[in-house]
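1. predicted structure and sequence below. I'll ask about it afterward.
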Amino acid sequence: MPEFAILLPPAEGKKPGGNPLAPDMFDYRASNTFNYFSELNPERRRLIDAVQQAIQAGDDLEKIFGVKGPALEEAIQVNLEIYKAPRMAALDRYSPGVMYQALDFPGLPTGAQRRFLENTIIFSGMFGLLRPDDLIPNYRLRMDAVVPGIGKVSRYWRPYISPILNELLKDRFVWNLLPAAHQEAWEDAHTYRQMVEIKFFQEEGGQRRPVSHGVKPLRGRLVNFIVREGLEDIEGLKAWRDSEGFVLDEEASEFDEATRRAVLVMVKRG
């Protein structure tokens, strides 16, 4: 079994609906199947209750949810209904997201699908940590949101998910594809064998600039390659031939032996 882990953010856009008869992730009497991090349920309930209280109090909801208009109305509705809402696998819930579309889970071979399900951990603003096949209701809450009575969501989760994650990542090779807002939710104890972060750059006329727009599909295609190949080291990344022409620049990449962290630079030359 590959000893690697992939850390991913969720998707902002979510697929509605689900199965009303699916196991309830908040039911302590139910099996932990499809609720891998069930020990976080008390903290999940506290956060959800605070979000619902903020909605009922009419707090600055545009600021809390980061949306307005119809999107805000949808956020209010799904968050008020979260306990009784139908559930579906997190992977399916996030399937409208650009990164998850580029990942193309349905198109992966069976072995690669299994590696993705078994080795991927998703950071969720509402639920803390999730496996791709955990059954979750629809919701709306960013990791950098500030909720009355809770504070910044990432800081709320930090003391609860850090011990779990540090133990889970022990001696593993970690592909960290988390944005900064999600990384703030984790106090890294460096228990892994090595952790790699990826930065993408566009080079034109000898000048490099970081890729900001369009980075989500890049991450998705990279994850597709990682689980297809079962990559447990940096060496294997040299073989990646991205459809847009990004390649590994080893000389520009950084390695810190003390913390066992590396920042790999992928470059597309124009």
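-> Noted; the coordinates are in hand.

2. can you tell me the SS state at residue 106?
-> With DSSP: H, G, I helix; E, B strand; the rest coil as the basis, residue 106 sits in helix.

3. meant to ask about residue 200, not that
-> strand.

4. who's in contact with it?
-> Neighbour list for residue 200: 210, 211, 215, 218, 246, 266, 267, 268 [criterion: CB atoms under 8 Å, 6 or more residues apart in numbering]. Glycine gets a C-beta too; all of them are placed from N, C-alpha and C.

5. please name the nearest non-neighbouring residue to the second one.
-> Taking CB to CB, 6 or more residues apart in numbering, and ignoring the residues beside it in sequence, residue 211 has residue 200 as its nearest neighbour in space, at 4.1 Å.

6. which non-adjacent residue is nearest residue 97?
-> residue 11 (2.4 Å).

7. residues touching the one you found, list them.
-> Counted by CB under 8 Å, 6+ apart, residue 11 has contacts 93, 94, 95, 96, 97, 98, 99, 100.

8. which residues of the stretch 101-250 of the chain fall in helices?
-> With DSSP state H, counting those that start in this stretch, the ranges of helices along the stretch 101-250 of the chain come out as 110-119, 153-168, 180-183, 215-229.

9. among those helices, which is the most enclosed?
-> Ranked by mean neighbour count, the helices of the stretch 101-250 of the chain are led by helix 215-229 with a mean of 20 (mean count of other CB atoms under 10 Å).

10. helix 110-119 and that one, what's the angle between them?
-> 110 degrees (axes from the mean of the first three to the mean of the last three CA atoms, to 10 degrees).

11. quick one: helix 215-229 to chain centroid distance?
-> 13 Å (CA atoms, centre = their mean, to the nearest Å).

12. can I get that helix in PDB, CA atoms only?
-> Taking C-alpha atoms only, helix 215-229 is exported to PDB below (Å, rounded to 0.1, in the frame of the first residue of the first chain):
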ATOM      1  CA  VAL A 215      -4.200  27.000 -10.700                       C
ATOM      2  CA  LYS A 216      -7.200  24.900  -9.600                       C
ATOM      3  CA  PRO A 217      -7.300  22.700 -12.800                       C
ATOM      4  CA  LEU A 218      -3.500  22.400 -12.500                       C
ATOM      5  CA  ARG A 219      -3.900  20.900  -9.000                       C
ATOM      6  CA  GLY A 220      -6.600  18.600 -10.200                       C
ATOM      7  CA  ARG A 221      -4.500  17.200 -13.100                       C
ATOM      8  CA  LEU A 222      -1.500  16.800 -10.800                       C
ATOM      9  CA  VAL A 223      -3.600  14.800  -8.300                       C
ATOM     10  CA  ASN A 224      -4.800  12.600 -11.200                       C
ATOM     11  CA  PHE A 225      -1.200  11.900 -12.000                       C
ATOM     12  CA  ILE A 226      -0.200  11.200  -8.400                       C
ATOM     13  CA  VAL A 227      -2.900   8.600  -7.800                       C
ATOM     14  CA  ARG A 228      -2.400   7.000 -11.200                       C
ATOM     15  CA  GLU A 229       1.300   6.500 -10.500                       C
END
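
13. quick check: nearest residue in space to residue 16, chain neighbours excluded?
-> That would be residue 138: by CB to CB, 6+ apart, it lies 5.6 Å from residue 16.
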